[in-house]
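1. just the structure for this:
(one chain, ligands or ions: 1)
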Amino acid sequence: MLVVGAGPAGLEATHSLGKRGYKVTLAEARGEAGGRVTRESALPNLNAWARVRDYRLGQIAPMPNVDLYLESELTADQVREFSADHVAIATGSRWRRDCVGRAVRAPLPGANADTSFSPDDIMDGKRPPKGHVVVFDDDHYYMGSMMADLLVEEGYKVTLATPAATVASWSVYTLEQGHIEKRLIGLGVEILTRHRVKDVGNGIVTMVNDLTGEQVDRSGTLVPVTMRLPNDSLYDALNSEPEKLEAAGIKSVRRIGDCYGPATIAAAVYEGHRYARELDVEIDRDKVQFKTVKYDLELGG
Ligand SMILES: Cc1cc2nc3c(=O)[nH]c(=O)nc-3n(C[C@H](O)[C@H](O)[C@H](O)COP(=O)(O)OP(=O)(O)OC[C@H]3O[C@@H](n4cnc5c(N)ncnc54)[C@H](O)[C@@H]3O)c2cc1C
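-> This is a model prediction of the structure:
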């Protein structure tokens with residue numbers, strides 16, 4: 001078994017396949033396992049998330065049938081050379097830089113690597129030129145306010161614009177909304193609700209008020225927090241040449257986690273777990289999964 005990507009999905013697939021007795025190789029491009037969880041746990045106040053990674057690394061470490069290789073970014077050729085029976089692609093997703101999401105339906109013509117910095121860019125340590133930044137939050141959970149928080153603490157003047165009626169509107173459901181808004185106000189972040197970005201370029205971010213139609217300009221750079229795209233180029237490259245897969249003896253290539261559909265940590269872990277439990281097992285799709293599956297191998301819980 002080859003698992004590509006050691007985020008929550010790849011780690012859980014490896015962990016559960018290891019428990020089922022498979023010989024598993026887990027390849028990770030970065031120098032550290034954990035995927036998004038490792039990157040995000042380095043953001044302000046999110047270090048508790050590292051437990052998703054640490055639990056699974058702790059479980060995998062003593063397994064003699066599991067090997068983890070860090071700094072191993074695999075290409076399609078390398079996957080084929082490995083000749084595993086089954087390959088799980090758990091290569092995650094990335095934030096869009098062109099601002100497309102719920103409110104903005106076509107890429108902003110002016111959005112490029114100089115004018116627009118995605119949360120991935122920021123987490124990779126890239127920074128806009130010092131000055132004013134407009135964080136456009138069309139995600140509505142915590143990432144937009146997190147970016148605003150981080151950048152204002154680094155000395156940027158920050159505007160947080162959102163098409164929603166409140167900042168971080170989804171966080172109402174997690175009882176965090178008031179705390180987030182209060183913190184942003186305390187940090188001096190300018191908040192523009194009911195606004196969407198129209199374009200960026202020439203050092204100006206142009207927005208429009210959804211209710212009044214009034215145009216609002218702010219000088220500076222854009223940080224769009226809108227939507228994510230699957231990192232599925234490896235999966236596509238492998239599947240575009242089925243004859244090579246067959247020649248390499250690879251029976252299946254499956255996407256799991258964000259690579260299949262960007263979602264939550266829980267969804268990625270679930271998919272990794274389900275992948276491991278269903279591999280080589282005949283499934284009756286009409287029945288409730290997990291409870292009705294019969295296994296030849298001991299699952300261990
Ligand atoms: C900014 C952000 C905020 C989020 N907030 C939340 C939240 O609040 N709650 C929640 O539940 N979920 C949240 N999520 C979602 C959650 O982080 C992801 O759903 C989860 O991490 C996906 O796990 P994964 O294993 O599919 O992918 P990832 O965690 O992205 O891991 C993919 C791994 O594959 C590796 N990789 C990529 N290509 C290769 C290659 N060719 N060879 C080898 N390795 C490769 C990468 O280096 C990475 O380590 C958030 C995601 C993002 C991006």
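
2. in contact with the closest residue to the ligand within the stretch 151-300 of the chain, which residues?
-> Distances between the stretch 151-300 of the chain and the ligand by C-beta to the nearest ligand atom are smallest at residue 257, namely 2.2 Å. All C-beta spots, glycine's among them, are computed from the backbone N, C-alpha and C. In this structure, residue 257 makes contact with 5, 7, 8, 9, 10, 90, 92, 267, 268, 271, 272, judged by C-beta atoms under 8 Å, 6 or more residues apart in numbering.

3. now, the most widely separated pair of those?
-> Greatest spatial distance in the contacts of residue 257: 5 and 267, 15.0 Å, computed using C-beta to C-beta.

4. just to revisit the earlier point, cross the contacts of residue 257 against helices and list the overlap.
-> Within the contacts of residue 257, residues falling in helices by DSSP state H are 8, 9, 10, 267, 268, 271, 272.

5. can I get these in CSV with pLDDT and distance to the ligand?
-> Output for the ones in helices among the contacts of residue 257, formatted as CSV (pLDDT from 0 to 100; distance: C-beta to the nearest ligand atom, whole Å):
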residue, pLDDT, distance to the ligand
8, 97, 4
9, 98, 3
10, 98, 5
267, 95, 6
268, 97, 3
271, 95, 8
272, 97, 7
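
6. ranges for the strands of this structure?
-> 2-4, 24-27, 66-69, 86-89, 93-95, 132-137, 157-162, 190-193, 195-201, 204-209, 215-219, 221-225, 228-230, 252-255 (DSSP state E).

7. make JSON lines out of these and add mean pLDDT.
-> Formatted as JSON lines, the entries for the strands of the chain read as follows, by pLDDT from 0 to 100:
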{"stretch": "strand 2-4", "mean pLDDT": "98"}
{"stretch": "strand 24-27", "mean pLDDT": "98"}
{"stretch": "strand 66-69", "mean pLDDT": "98"}
{"stretch": "strand 86-89", "mean pLDDT": "98"}
{"stretch": "strand 93-95", "mean pLDDT": "95"}
{"stretch": "strand 132-137", "mean pLDDT": "98"}
{"stretch": "strand 157-162", "mean pLDDT": "98"}
{"stretch": "strand 190-193", "mean pLDDT": "98"}
{"stretch": "strand 195-201", "mean pLDDT": "96"}
{"stretch": "strand 204-209", "mean pLDDT": "97"}
{"stretch": "strand 215-219", "mean pLDDT": "96"}
{"stretch": "strand 221-225", "mean pLDDT": "98"}
{"stretch": "strand 228-230", "mean pLDDT": "96"}
{"stretch": "strand 252-255", "mean pLDDT": "97"}
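
8. hang on, the earlier thing: buried ones from the ones in helices among the contacts of residue 257, can you make that a ChimeraX selection?
-> With 16 or more other C-beta atoms under 10 Å as the criterion, this ChimeraX line picks the buried residues out of the ones in helices among the contacts of residue 257:
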select :8,9,10,267,268,271,272
